[in-house]
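> starting from these lines, generate the structure:
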Amino acid sequence: MTLTKLLKITFIISYLFWGGFFLHSFSELMLRNAWFDFFDIQKVKAEKIEFIPINGRTTEINYEFEYKNEKYIGKRRVINRIIETRLPENKENVEISFNTLIPRENYLDQLGLKTRNGNVGLICSGFLLLFTLGFDLFGNKQKWIGIYRGYFSSEG
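Numbers count the residues shown, from 1 in each chain. All right, here's what the predicted structure looks like:
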């Protein structure tokens with residue numbers, strides 16, 4: 001396989017990976033009504049909620065809820081300070097918000113973090129997708145092929 005083909009395959013894999021990450025983050029934000037109210041979001045009380053300390057700073061919250069006779073689960077790692085300031089004193093009163101079309105898309109609305117993962121994913125994947133596109137369109141690929149051609153030929 002030539003280095004030119006290898007470079008093309010590398011760019012295709014990069015576009016697919018970062019593009020998929022971008023679409024996943026975008027769909028997460030859309031399903032949670034981050035920008036527009038496309039979907040019906042309902043709130044229910046958790047049937048079961050568990051707080052598992054990870055370290056002195058972080059706790060994992062595991063929860064279950066039921067919708068249309070099906071059980072759904074979710075989990076979220078949160079800094080303890082956020083739990084103390086945003087969740088109610090009685091942890092049994094924690095509300096779970098979920099998309100009625102796709103209930104697996106759920107979150108703890110009281111934490112105020114419903115868009116954090118999606119926004120971070122969108123920014124990171126968008127930046128890396130643009131970086132890949134910029135290198136693909138404007139990078140001197142022949143220079144890099146020349147550099148690595150010498151490296152690979154001396155290895156063999």
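> every contact and neighbour count from this point should use C-alpha atoms.
OK.
> quick one: the helices in the protein?
In the chain, the segments counted as helices under DSSP state H are 3-31, 80-86, 116-138, 141-155.
> relative to residue 67, which of these is closest?
When those are compared for distance to residue 67 using Cα to Cα, the nearest one is helix 3-31, at 16.8 Å.
> chain center to that closest one, what's the gap?
Relative to its chain's centre, helix 3-31 lies at 14 Å (Cα atoms, centre = their mean, to the nearest Å).
> so which bits of that helix are buried?
For helix 3-31, burial by neighbour count (16 or more other Cα atoms under 10 Å) applies to 11, 14-15, 18-19, 21-26, 28-31.
> quick check: residue 40 touching residue 97?
No - using Cα atoms under 8 Å as the test, residue 40 is too far from residue 97 to be in contact (10.1 Å).
> those two: which has the busier surroundings?
Between residue 40 and residue 97, counted using other Cα atoms under 10 Å, residue 97 has the larger neighbour count: 22 against 13.
> not counting residues beside it along the chain, what's closest to the more buried one?
residue 43 (4.4 Å; Cα to Cα, 6 or more residues apart in numbering).
> bridging residues for the residue nearest to residue 77 when sequence neighbours are not counted?
Spatial nearest neighbour of residue 77, excluding adjacent residues (Cα to Cα, 6+ apart): residue 60 at 4.2 Å. Per DSSP bridges, the residues bridged to residue 60 are residue 52, residue 77.
> my guess is residue 60 contacts residue 80, does it?
No - the pair residue 60 / residue 80 is not scored as a contact, 9.4 Å apart, by Cα under 8 Å.
> quick one: closest of the helices of the chain to residue 49.
Here helix 80-86 is closest among these (Cα to Cα), at 13.2 Å.
> centre of the chain to the closest one, how far?
22 Å.
> cool, stretch 73-85 as well?
Counting by Cα atoms, centre = their mean, stretch 73-85 is centred 17 Å from the centre of its parent chain.
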